[in-house]
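Visitor: A structural model of the following input is requested.
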Amino acid sequence: MGSEKAPPGGGSSTFEFLWREGDRPRSSPGPRPGLSVTQVVVAAIAIADADGIDAVSMQQVAKRLEVTPMSLYRYVPSKKHLVEAMFDEASGAPPGLDVVPGGWQVRVEAWVTALWGRYQAHPWMLRAQVSQPIGPNQLAWFEALLTVIKDIGLTYEEMVSLALFLTGATQGLARISTDLARAAGEDDLISYGEALAAVVRPDRFPTLRALLSAGTFDLPASAVGGATSTEPDLSFGLGQLIKGIEAHVAARTRS
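Guide: All right, here's what the predicted structure looks like:
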């Protein structure tokens with residue numbers, strides 16, 4: 001992703017920018033502008049949704065808004081600030097887990113499912129170069145998950161570790177899923193199973209060969225598009241993780 005620096009003199013930290021008050025442009029001389037920061041960010045998100053994060057530039061955003069590229073710097077100090085704001089805006093509000101029936105396990109699953117949905121709606125989020133999750137929406141997601149697991153018997157450090165692991169696992173599998181989906185659309189690319197069959201020899205990869213022979217990597221005959229999704233892998237891993245957390249807390253309670 002190319003870097004586009006703001007003109008000299010413009011530069012608030014991304015933290016300050018994400019936590020700006022209101023939706024006004026940065027103070028600068030001249031007539032009152034007719035846009036808002038949110039309009040600029042939403043326009044950039046629309047470009048990323050359509051063509052990917054690499055298609056986002058100050059020039060393209062300005063073109064979409066029918067303004068000059070330089071005028072955007074009254075709202076966004078740099079492209080880095082823009083991408084950070086895009087990620088936070090696209091994250092949206094977390095799901096209302098307090099109304100989800102069931103225990104903490106079900107609510108954790110609902111949180112992960114909602115996060116997966118965010119990445120499916122905005123695949124470019126999986127490739128955006130952002131810093132720590134410090135934006136308002138990102139912290140709201142963090143808070144929502146921590147609230148669910150705060151009373152299940154974990155230490156504060158374990159709570160943070162679990163939250164970070166769930167976030168990373170969801171992001172990672174979502175990215176693999178989008179990569180597989182994109183590759184499946186390339187006419188000259190063979191399937192993963194076909195690729196394995198060509199190179200996996202039993203003397204070098206005995207376990208892989210056993211799985212291949214059992215049809216583990218075969219695509220369902222009725223699958224259309226969804227065969228490349230790693231969502232079942234996420235669901236399986238999450239279920240096992242929850243069981244492990246339950247066992248961990250139970251063992252601590254007994255000791």
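Visitor: Show me what the least confident helix or strand in the chain by mean pLDDT is packed up against.
Guide: None of the helices or strands of the chain scores lower by mean pLDDT, DSSP states H and E than helix 192-199, at a mean of 85. Contacting helix 192-199 under the criterion 3 or more Cβ pairs under 8 Å, 6 or more residues apart in numbering; DSSP states H and E are the following elements: helix 206-213. For the C-beta atoms, the positions are set from N, CA and C on the backbone; glycine is no exception.
Visitor: Go ahead and report the secondary structure state at the residue lying closest to residue 65 once chain neighbours are set aside.
Guide: In space, and not counting its chain neighbours, residue 65 is closest to residue 43: 5.3 Å by Cβ to Cβ, 6 or more residues apart in numbering. Three-state assignment for residue 43 (DSSP: H, G, I helix; E, B strand; the rest coil): helix.
Visitor: Residue 43 and residue 63 touch, don't they?
Guide: No: applying Cβ atoms under 8 Å as the test, residue 43 and residue 63 come out as separate, 9.4 Å apart.
Visitor: Pick out whichever of the two has more residues nearby.
Guide: More crowded of residue 43 and residue 63, by other Cβ atoms under 10 Å: residue 43, with 22 against 14.
Visitor: for the longest helix seen in the chain, what is the average pLDDT?
Guide: Secondary structure of the chain per DSSP state H: the longest helix is helix 156-184. Taken as a whole, helix 156-184 has an average pLDDT of 91.
Visitor: How about the contacts made by residue 154?
Guide: Residues near residue 154 by Cβ atoms under 8 Å, 6 or more residues apart in numbering: 162, 245, 249.
Visitor: Now do the buried residues in the least confident helix or strand of the chain.
Guide: Buried positions in helix 192-199, judged by neighbour count with 16 or more other Cβ atoms under 10 Å: 192, 196.
Visitor: Please report how far the closest residue to residue 209 other than its chain neighbours lies from residue 212.
Guide: Excluding the flanking residues, the one nearest residue 209 by Cβ to Cβ, 6+ apart is residue 202, at 4.4 Å. Distance of residue 202 to residue 212, given as Cβ to Cβ, to the nearest Å: 10 Å.
Visitor: Between those two, which is the more surrounded one?
Guide: For residue 202 versus residue 212, neighbours defined as other Cβ under 10 Å are more numerous around residue 212 (17 against 12).
Visitor: Any stretches of this structure with poor pLDDT?
Guide: 1-12, 22-33, 184-191, 219-228 (pLDDT under 70).
Visitor: does the residue of it most remote from its centre sit in a helix, a strand or a coil?
Guide: Note on the chain: the largest C-alpha distance from the chain mean falls to residue 203, namely 39.1 Å (Cα atoms, centre = their mean). Put simply, residue 203 is coil when judged by three-state DSSP.
Visitor: before we move on, what about residue 35?
Guide: Residue 35 ends up coil, using three-state DSSP.
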